[in-house]
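Participant: When you get a sec, could you give me coordinates for this:
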Amino acid sequence: MILLTRKAEFSASHYYWNDAWSEEENRRAFGKCANRNGHGHNYTLEVTVAGEIDPVSGFVVDLKDLKTVLEREVVSVYDHRHLNLEVPEFKSANPTTENIAIAIWKRLDGKIPGAKLHRVRLYELPDLFADYYGEA
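Facilitator: As a prediction, this is how the structure comes out:
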């Protein structure tokens with residue numbers, strides 16, 4: 001089995017908030033991130049797929065096909081968006097780096113022809129990241 005990784009980048013804004021809590025509790029838990037106007041981040045996404053090399057093409061997956069899937073399923077949906085307000089999966093879940101990684105997995109799983117999704121790694125620049133390997 002071969003692992004192949006492709007990177008993509010996007011920028012998005014978000015805020016953290018729990019509707020069950022008071023404003024004070026939200027500010028205590030999330031600090032500046034509880035500002036309902038939001039704040040922005042640049043993200044780097046790494047998607048790793050696993051598979052066997054096709055003996056005819058020499059590919060596990062054609063990288064331009066993988067790029068097309070990433071653009072369609074993630075970048076075009078998340079880039080320059082306010083995640084809480086514009087992306088359905090974050091209407092009821094805080095768009096933490098961890099939750100974004102899980103949402104990206106769900107968007108990509110089963111949509112990469114000829115390869116199995118192995119890992120989603122998301123960097124919230126400058127240095128935070130989350131890995132997601134799917135459910136065991």
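Participant: Could you pull out the strands in the protein for me?
Facilitator: With DSSP state E as the criterion, the chain has strands at 2-14, 39-51, 81-82, 116-124, 128-132.
Participant: in the protein, what spans have low per-residue confidence?
Facilitator: 126-132, 135-136 (pLDDT under 70).
Participant: can you do 80?
Facilitator: Scanning the chain for pLDDT under 80 picks out the ranges 125-136.
Participant: farthest residue from the center of it?
Facilitator: V56 (32.2 Å; CA atoms, centre = their mean).
Participant: Isn't G51 up against G114?
Facilitator: Yes - with contact defined as CB atoms under 8 Å, G51 reaches G114; the gap is 6.2 Å. To be clear about C-beta, it is placed using only N, CA and C from the backbone, and glycine gets the same treatment.
Participant: Now list whatever residues contact both of the two.
Facilitator: The overlap between the contact sets of G51 and G114 (CB atoms under 8 Å, 6 or more residues apart in numbering) consists of 60-61.
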